[in-house]
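Peer 1: got a structure for you, letters missing:
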């Protein structure tokens, strides 16, 4: 007697390793960053400057010396924005990036330079994965996430993601903290906030957003112990470092005094930024300064669009608040106006409206637009490091 064979179960499509979303995300990020470094190499060769010297320029030298000698062992001639140096001058820099590079140095044959460049590369890849994840959570399309990663990796001053700078590491921590918030993984958000608070002062915005989101969740959900832990832990990185600086300088306002006296930075609610924009746009100025003003104006427009696109806002408000908060902090902080574009880079979510708009276009249109943006951003970055004479 014959029996009917049972229908075979449908087989799952085989997904090769290079087809996996995070692999593609990292590939896009590394491709864009490789192009940016290549453009810098061309500019450096044209102006007779070593490429490695440019990848460690400005604050990069401080982070290298902090990794090599610690806060109180720097002996060579490094100076603040006023051209001075004092024993407490290095205390303006946050410790997580150089200290982690110091831990990583044995893997790189005791080269802190290689360790910091490697740390930036790894952090950039982790940041790209988190950025992709957030965009896919909001929009539901992988294309939007990949486009957002490409735009962020090729933005003006994105070259700092490949330098001995903290932008890549801080963005990775901020992005994964926001992933923790929107996915209600409060311990992840808390740990990332603590680490971000030891990396850059702009963690102030992140701590406020994550802390407020956890506090709201504390009163609205039953899972109260994790939200309470997040509320308590998230500011400890910032507060811990500021307290340590206060102890070493002998004043509760030690870190802010260093920023004001040594680096000329302070919060003035945007008065200097407005004066800078007026001075550069009305009588005319250099291309670098003019583009800086337009980039800040574009950031303001994108912040408005971000609030309109993130619907329901009750669910996605932490992303919008983080982007807007970063913009307000950058514009509202006086001092070193030429560095504002770099300071805005961790506010990656501001580029989401552009990525979402391009995702709805034909692939050829989206790729051509992103490619043009990356070329412009790479030129801006390379010129800032080889032709611009002011700190970035």
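Peer 2: Here it is on my side, so go on. Since we're looking at a predicted model, the values are computed, not measured. Numbering: from 1, shown residues only.
Peer 1: and residue 372, how many neighbours?
Peer 2: When counting by other CB atoms under 10 Å, one arrives at 11 neighbours for residue 372. C-beta here means a position set from N, CA and C on the backbone, and glycine is covered the same way.
Peer 1: which parts of the stretch 201-350 of the chain are helices?
Peer 2: Chain-ordered helices for the stretch 201-350 of the chain, with DSSP state H, counting those that start in this stretch as the definition, fall at 203-220, 224-233, 236-249, 254-262, 271-281, 287-309, 313-332, 340-344.
Peer 1: can you list contacts of the last one?
Peer 2: Outside of helix 340-344, the residues within contact range by CB atoms under 8 Å, 6 or more residues apart in numbering are 156-157, 160, 165, 167, 202, 273, 292, 295-296, 299, 326-327, 329-331, 333, 350, 380, 392.
Peer 1: list the contacts of stretch 53-70.
Peer 2: Contacts to stretch 53-70, defined as CB under 8 Å, 6+ apart, come from residues 37, 40, 44, 74-76, 78, 90, 93, 95, 97-99, 101-102, 105, 112-113, 115-117, 162-166, 385-386, 391-392.
Peer 1: so which of these are in helices?
Peer 2: 37, 40, 44, 97-99, 101-102, 112-113, 115-117, 385-386 (DSSP state H).
Peer 1: so, low pLDDT: which residues of the stretch 251-392 of the chain?
Peer 2: Residues of the stretch 251-392 of the chain meeting the criterion pLDDT under 70: 278-285, 391.
Peer 1: can you pull the contacts of the spatially most central residue of the chain?
Peer 2: What sits nearest the mean C-alpha location of the chain, by CA atoms, centre = their mean, is residue 346, with 2.6 Å. Counting by CB under 8 Å, 6+ apart, residue 346 touches 167, 170-171, 174, 200, 202, 326.
Peer 1: ok so, going back, show me which of the contacts of stretch 53-70 are buried.
Peer 2: Buried residues within the contacts of stretch 53-70, counting neighbours by 16 or more other CB atoms under 10 Å: 37, 40, 44, 74, 90, 93, 95, 97-98, 101-102, 105, 112-113, 115-117, 162-166, 385-386, 392.
Peer 1: how near is the nearest residue to residue 191 once chain neighbours are set aside to residue 148?
Peer 2: Spatially, and ignoring its direct neighbours in sequence, residue 191 is nearest to residue 233 (7.6 Å; CB to CB, 6 or more residues apart in numbering). Taking CB to CB, to the nearest Å as the measure, residue 233 falls 28 Å from residue 148.
Peer 1: cool, residue 186 as well?
Peer 2: Distance of residue 186 to residue 148, given as CB to CB: 24 Å.
Peer 1: so between the two, which is more surrounded?
Peer 2: Neighbour count, other CB under 10 Å: between residue 186 and residue 148, residue 148 has more, with 31 against 26.
Peer 1: okay, and the more buried one sits in which element?
Peer 2: With elements delineated by DSSP states H and E, residue 148 resides in helix 142-153, which encompasses its position.
Peer 1: what comes into contact with that helix?
Peer 2: Residues external to helix 142-153 that are found in contact with it (CB under 8 Å, 6+ apart): 21, 24-25, 28-29, 32-33, 36, 124, 128, 131-136, 138-139, 158, 161, 171, 345, 348, 351-352, 354-356, 358-359, 366, 370, 373-374.
Peer 1: ok, stretch 216-229 next?
Peer 2: For stretch 216-229, the external contacting residues (CB under 8 Å, 6+ apart) are 184, 186-187, 190, 214-215, 231.
Peer 1: that one spans what distance, first to last residue?
Peer 2: Distance between the boundary residues of stretch 216-229 (CA to CA, to the nearest Å) amounts to 13 Å.
Peer 1: now that stretch: buried residues?
Peer 2: When burial is assessed from 16+ other CB under 10 Å, stretch 216-229 yields the following buried residues: 217-218, 226-227.
Peer 1: how many other residues sit next to the closest residue to residue 332 other than its chain neighbours?
Peer 2: Nearest non-adjacent residue to residue 332, counting by CB to CB, 6+ apart: residue 270, 4.7 Å away. By other CB under 10 Å, 17 other residues sit near residue 270.
Peer 1: tell me how far residue 270 lies from residue 286.
Peer 2: According to CB to CB, residue 270 and residue 286 sit 22 Å apart.
Peer 1: next, count neighbours for residue 366.
Peer 2: Here the count is done by other CB under 10 Å, and residue 366 has 20 residues near it.
Peer 1: pretty sure it contacts residue 358?
Peer 2: Yes. Contact status for residue 366 versus residue 358: in contact at 4.2 Å, counting by CB atoms under 8 Å.
Peer 1: which members of the contacts of stretch 216-229 are classed as buried?
Peer 2: Under a neighbour-count criterion of 16+ other CB under 10 Å, the subset of the contacts of stretch 216-229 counted as buried comprises 186, 190, 214, 231.
Peer 1: got any ranges where the stretch 1-150 of the chain has weak pLDDT?
Peer 2: The stretch 1-150 of the chain contains residues with pLDDT under 70 at 1-19, 75-77, 80-84.
Peer 1: that one: strands as residue ranges?
Peer 2: Secondary structure of the stretch 1-150 of the chain by DSSP state E, counting those that start in this stretch: no strands are present.
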